[in-house]
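Q: Sequence plus predicted model, see below.
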Amino acid sequence: MNVMEKKESNFAFIDSQNLNLSIRAQGWFLDYKKFRKYLEDKYSITKAFLFLGYVP
C-alpha cells in the first residue's frame, strides 16, 4: 500500500431493539457472530456498534 493511499473503513451502527424485534417476528434466532461476519464479508464493515436501550 502506498503511503498516500488510505484504507477505507466502513462502520455499522445497529439499533438492537429493531433488529431483535424484526428477527423474532420472522421466527428466527440471530447468531451475532455469524451476523458480524456477514457484515464484514458483504459490506467490508471494519467496526460494528450495537446500540442498546437504557432503562434506569
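A: Noted; the coordinates are in hand.
Q: Which parts of the chain are helices?
A: Secondary structure of the chain, counting by DSSP state H: helices at 16-25, 32-43.
Q: average model confidence for the first one?
A: Mean pLDDT, computed over helix 16-25, is 94.
Q: buried residues in it?
A: For helix 16-25, the neighbour count (16 or more other CB atoms under 10 Å) marks no residue as buried. (C-beta placed from N, C-alpha, C; glycine too.)
Q: With the longest one instead?
A: When burial is assessed from 16+ other CB under 10 Å, helix 32-43 yields the following buried residues: Phe35, Leu39.
Q: Which residue, neighbours along the chain excluded, lies closest to Glu40?
A: Thr46 (7.7 Å; CB to CB, 6 or more residues apart in numbering).
Q: Enumerate every residue touching that neighbour.
A: For Thr46, the contact set (CB atoms under 8 Å, 6 or more residues apart in numbering) comprises Ser9, Asn10, Phe11, Glu40.
Q: related to what we said a few turns ago, which one, of the helices of the chain, ends up nearest to Val55?
A: helix 16-25 (11.3 Å; CB to CB).
Q: Now do that closest one and helix 32-43, the angle between them.
A: Using axes from the mean of the first three to the mean of the last three CA atoms, to 10 degrees, the inter-axis angle of helix 16-25 relative to helix 32-43 is 100 degrees.
Q: Residues in contact with helix 16-25: which ones?
A: So helix 16-25 is contacted by Phe29, Leu30, Leu50, Phe51, Leu52, Gly53 (CB under 8 Å, 6+ apart).
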